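# missing the sequence, but the structure's below:
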């Protein structure tokens, strides 16, 4: 049975708008509650405003970091922010020391044949291998710039050729990663000379091949058959390097673990 409206207690006391000395207790309690609610709402608003200001401050710092990471200027334009600093850094790159005149012209096979030589014999030749490492690293960077400067047309035969040459260069550079990975491991000097010489020799041979192709890059032109034949040959070189790098990496590990190979 639904109760009659007459039996319901009014939500707002009827005497609420009378003078205080003539109003009931319930009316006074209602005024007290309203006053507290207004105070609480004011405190909440102040907290929200304070939090908003704090959030904006943090967001600005985060935005500055993001803009720096994305190489953006203060108005959001993309471009080199520290171009002059980067250029100066390149100019100040550590120079490659001159090699020992008696070692600079040594063939790679000389180092490769050192595998079973004692540390006392090989030690004096390791600085020359380190120098050749730096030379090869610089040459790899120069080759990368050479490929970028080709600027082939989009979806052209030349662009496809540039792409496969870039893949080969990426594979070539993995040789440096292998040398770096095993640089601080204790292995016989003869093993190190043998393995590093093989890696550096393969790098320089492949870099020579890239330079020969780039020197006559316009000869093939848009001949798709010639480009496909070139691509197949370069794919073979990449697979060959994959197998050779795997073998050399395993030899480094076996030497470290004092295992025969």
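Here it is on my side, so go on. Only a predicted model underlies this, so the values are computations on that prediction, with no experimental measurement involved. Numbers count the residues shown, from 1 in each chain.
# any chance you could map the helices in the chain?
25-69, 83-91, 108-112, 119-122, 126-148, 157-181, 189-215, 217-220, 224-256 (DSSP state H).
# if I look at residue 113, what pLDDT would I see?
You'll see residue 113 listed with a pLDDT of 95.
# now it: closest residue in space, sequence neighbours ignored.
Nearest-residue entry for residue 113: residue 194, 7.7 Å, with adjacent residues in sequence omitted and distances by CB to CB, 6 or more residues apart in numbering. Where C-beta positions appear, they are placed from N, C-alpha and C, glycine not excepted.
# and that neighbour, how close does it get to residue 205?
17 Å (CB to CB, to the nearest Å).
# of these two, give the one with the bigger neighbour count.
Neighbours per residue, other CB atoms under 10 Å: of residue 194 and residue 205, the larger number sits with residue 194, 21 against 12.
# and the pLDDT at the more buried one?
pLDDT, residue 194: 97.
# likewise for residue 102?
The score at residue 102 is 79. That number is its pLDDT.
# for it, give me phi and psi.
Main-chain torsions, residue 102, degrees, to the nearest 10: phi -80, psi -10.
# how much space between it and residue 124?
Taking CB to CB, one finds residue 102 at 10 Å from residue 124.
# and residue 174, by the same measure?
In terms of CB to CB, residue 174 sits 29 Å off from residue 124.
# which one of those two has more residues nearby?
Per other CB under 10 Å, whichever of residue 174 and residue 124 has more neighbours is residue 174, with 15 against 11.
# list the contacts of the closest residue to that one other than its chain neighbours.
Using CB to CB, 6+ apart and skipping the chain neighbours, the partner closest in space to residue 174 is residue 245 (5.9 Å). The contact partners of residue 245, by CB atoms under 8 Å, 6 or more residues apart in numbering, come to 174-175, 178, 199.
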